[in-house]
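[1] Just a sequence and a predicted model for now, questions to come.
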Amino acid sequence: MTDATETSSDLILFHWPQSRSTGVLTLLEALGADYTLKPIDLGAGAQRAPDFLAINPLGKVPTVLHGEAVITEQVAIFIYLADRYRNAGLAPALDDPLRGPYLRWMAYYGSCFEPALINRSLQREPAPASRSPYGDYDTMLNTLVAQLERGDYLLGDRCSAVDVLWGTALAWTTSFGLVPALPVIQAYIDRLQARPEAARTRKINERISAAQTQQN
Ligand SMILES: N[C@@H](CCC(=O)N[C@@H](CS)C(=O)NCC(=O)O)C(=O)O
């Protein structure tokens with residue numbers, strides 16, 4: 001990682017601890033990428049600063065700048081980075097039979113899990129299953145759980161970028177009680193959290209949080 005005060009990397013992650021950008025930070029660490037981290041203090045409203053809104057008008061992290069390219073939305077960022085740093089071996093190649101399932105679980109996160117989660121957290125009445133992007137919550141979750149029961153990782157015994165995404169997401173969603181910490185889910189979270197990139201990410205997040213506490 002390059003500190004935000006240095007300028008050696010043209011790959012920039014706008015990030016804040018305890019937010020969805022922690023998954024991307026973990027991925028960058030897993031890929032061994034050279035990147036610059038720019039903290040966006042969500043509590044202080046830095047995501048609404050004009051400079052940041054000019055990059056991502058939604059005012060959301062994770063946001064990635066790679067040279068001139070702006071990449072937003074976790075799933076797009078994960079696919080992009082894992083392919084760009086393909087030598088790290090975290091993305092099945094285009095002609096690999098696991099490429100389809102890999103993309104399936106990437107997309108499942110954004111188009112099924114996230115909308116289901118928001119409905120659940122707001123205790124909102126979901127749309128009828130036939131008009132909902134994820135059917136119903138239980139089927140959405142049971143489908144994921146059934147896949148996790150098939151192996152250590154979503155692609156079986158091969159750990160890939162999609163596990164970094166889900167491992168991080170399930171860690172925070174179970175901690176908020178939005179997803180039940182079933183034994184198979186907890187074992188998966190623990191497996192991902194035990195990896196070195198997760199430990200490095202925790203340290204980076206602690207440093208950012210400590211710096212913020214000092215400022216206040
Ligand atoms: N669709 C976005 C969602 C990102 C998102 O919701 N980020 C939250 C942090 S967890 C955020 O930046 N919230 C700040 C705000 O809206 O004020 C993605 O998938 O990356």
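    Cool, got the structure.

[2] Just list what the longest helix along the chain packs against, helices and strands only.
    In the chain, taking DSSP state H as the definition, the longest helix is helix 196-215. Helices and strands touching helix 196-215, by 3 or more Cβ pairs under 8 Å, 6 or more residues apart in numbering; DSSP states H and E, are helix 21-31, strand 36-39. From N, CA and C alone the C-beta is placed, and that goes for glycine too.

[3] closest one to residue 174 among those?
    Nearest to residue 174 among those is helix 21-31 (14.4 Å), distances taken as Cβ to Cβ.

[4] quick one: is the closest one near the ligand?
    No - figure legend: helix 21-31 not in contact with the ligand (Cβ under 6 Å from any ligand atom); closest approach 6.9 Å.

[5] For that helix, give me every contacting residue.
    Defining contact as Cβ atoms under 8 Å, 6 or more residues apart in numbering, one finds that helix 21-31 is touched by 1, 11, 13-15, 35, 37, 61-64, 74, 77-78, 81-82, 85, 88, 90, 161, 164-165, 167-169, 172, 195-198, 200-201, 204-205.

[6] returning to that earlier point: name the stretch among the helices and strands packed on helix 196-215 that sits most buried.
    helix 21-31 (a mean of 25; mean count of other Cβ atoms under 10 Å).

[7] Now do that helix: distance to the chain's middle.
    The chain centroid and the centroid of helix 21-31 are separated by 8 Å under Cα atoms, centre = their mean, to the nearest Å.

[8] Let's see it as PDB, backbone CA atoms only.
    Provided in PDB are the C-alpha atoms of helix 21-31 (Å, rounded to 0.1, in the frame of the first residue of the first chain):
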ATOM      1  CA  SER A  21     -15.000  -0.800   0.900                       C
ATOM      2  CA  THR A  22     -13.300  -3.100   3.400                       C
ATOM      3  CA  GLY A  23     -13.900  -6.000   1.000                       C
ATOM      4  CA  VAL A  24     -12.100  -4.200  -1.800                       C
ATOM      5  CA  LEU A  25      -9.200  -3.300   0.500                       C
ATOM      6  CA  THR A  26      -8.900  -7.000   1.400                       C
ATOM      7  CA  LEU A  27      -8.900  -7.900  -2.200                       C
ATOM      8  CA  LEU A  28      -6.100  -5.400  -3.000                       C
ATOM      9  CA  GLU A  29      -4.100  -6.900  -0.200                       C
ATOM     10  CA  ALA A  30      -4.800 -10.400  -1.500                       C
ATOM     11  CA  LEU A  31      -3.700  -9.400  -5.000                       C
END
